[in-house]
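1. got a predicted structure plus its sequence, pasted below:
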Amino acid sequence: MMISVWVTAALVVVAAVTAGVIVWLALPEAEQPRSRERRAEYEHPDFADAAGFAVTAYPESDIILQERIWLIEDEVAELDFTIVPGRSARLRVARQEKMRRPNGFDPKAFESVEQYQIDGVPVTHYQSAGRMGVLTWSRDGFDCLLYAEDPEMNMLAGLAVPFVSTVRAEQR
């Protein structure tokens, strides 16, 4: 009798876990969590207490609108931008050697990789038609990564100058 109670309990647990996995897999990709990264939302890009730095400058205009600010794993700042009309991009800033790549960023998987300079700063531009586009650069001890998961053609190339020339971070 005691064994059948344990077997029944085990079957209920297995059924519950299976149902949870099925429901999660049935969600559209947009509703699934982007990653398992630990994130904290901030009102301003000053992470002095948690990470020891602040993002002190970034572009804002009629077409580049800063929306949300995050700190990922107490090391990487991420600022979400709306790029008018109806696109988005994310800027990540971290101390050199502390950058975390966004999900789906594999430098070897891109069709096009270009390197050029903006204001004397070396920039690497990763692009594949219809997929994520990424810009990377470093300045003053910080690594920067701007990415768009669904960019329009040449969107990141158009954003390169305002972001690379404007973004600044400093130790706090």
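-> Alright, I've got the coordinates.
2. backbone phi and psi for the closest residue to Glu73 other than its chain neighbours, please?
-> When the adjacent residues along the chain are set aside, Glu73 lies closest to Arg38, with 5.4 Å between them (C-beta to C-beta, 6 or more residues apart in numbering). Quick note: C-beta positions are derived from backbone N, CA and C, even for glycine. The phi and psi values for Arg38, taken as degrees, to the nearest 10, are phi -80, psi 120.
3. so Arg38 sits against Trp70, correct?
-> No: at 10.2 Å, Arg38 does not count as touching Trp70 under the criterion of C-beta atoms under 8 Å.
4. between the two, which is the more surrounded one?
-> Trp70 (18 against 9; other C-beta atoms under 10 Å).
5. what about the nearest residue to that one once chain neighbours are set aside, neighbour count?
-> With C-beta to C-beta, 6+ apart as the criterion, Trp70 has its nearest non-adjacent residue at 4.3 Å, and that residue is Glu78. Residues contacting Glu78 under the criterion other C-beta under 10 Å number 24.
6. Asp80 contacts Leu65, doesn't it?
-> No: in this structure Asp80 lies outside contact range of Leu65 using C-beta under 8 Å: 9.6 Å.
7. contacting residues around the one residue sitting closest to the centre of the chain?
-> When the chain is reduced to its mean C-alpha position, the nearest residue by C-alpha atoms, centre = their mean turns out to be Pro102, at 4.7 Å. For Pro102, the contacting residues are Ser35, Arg90, Arg92, Met132, Val134, Leu145, Tyr147, by C-beta atoms under 8 Å, 6 or more residues apart in numbering.
8. save these as a markdown table, and put in neighbour count too.
-> Converted to a markdown table, the contacts of Pro102 look like this (neighbours: other C-beta atoms under 10 Å):
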| residue | neighbour count |
| --- | --- |
| Ser35 | 12 |
| Arg90 | 18 |
| Arg92 | 22 |
| Met132 | 20 |
| Val134 | 24 |
| Leu145 | 23 |
| Tyr147 | 22 |
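9. dump those residues to TSV, plus pLDDT and secondary structure.
-> Formatted as TSV, the contacts of Pro102 follow (pLDDT from 0 to 100; DSSP: H, G, I helix; E, B strand; the rest coil):
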residue	pLDDT	secondary structure
Ser35	55	coil
Arg90	98	strand
Arg92	98	strand
Met132	88	coil
Val134	96	strand
Leu145	98	strand
Tyr147	96	strand
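10. for the protein, what helix or strand is lowest in average pLDDT?
-> Of all the helices and strands that make up the chain, the one with the lowest confidence by mean pLDDT, DSSP states H and E is helix 2-26; it has a mean of 47.
11. quick one: list the elements packing against the helix or strand that that one is followed by.
-> Past helix 2-26, further along toward the C-terminus, the next helix or strand under DSSP states H and E is strand 39-42. Under the contact definition 3 or more C-beta pairs under 8 Å, 6 or more residues apart in numbering; DSSP states H and E, strand 39-42 sits against strand 64-72.
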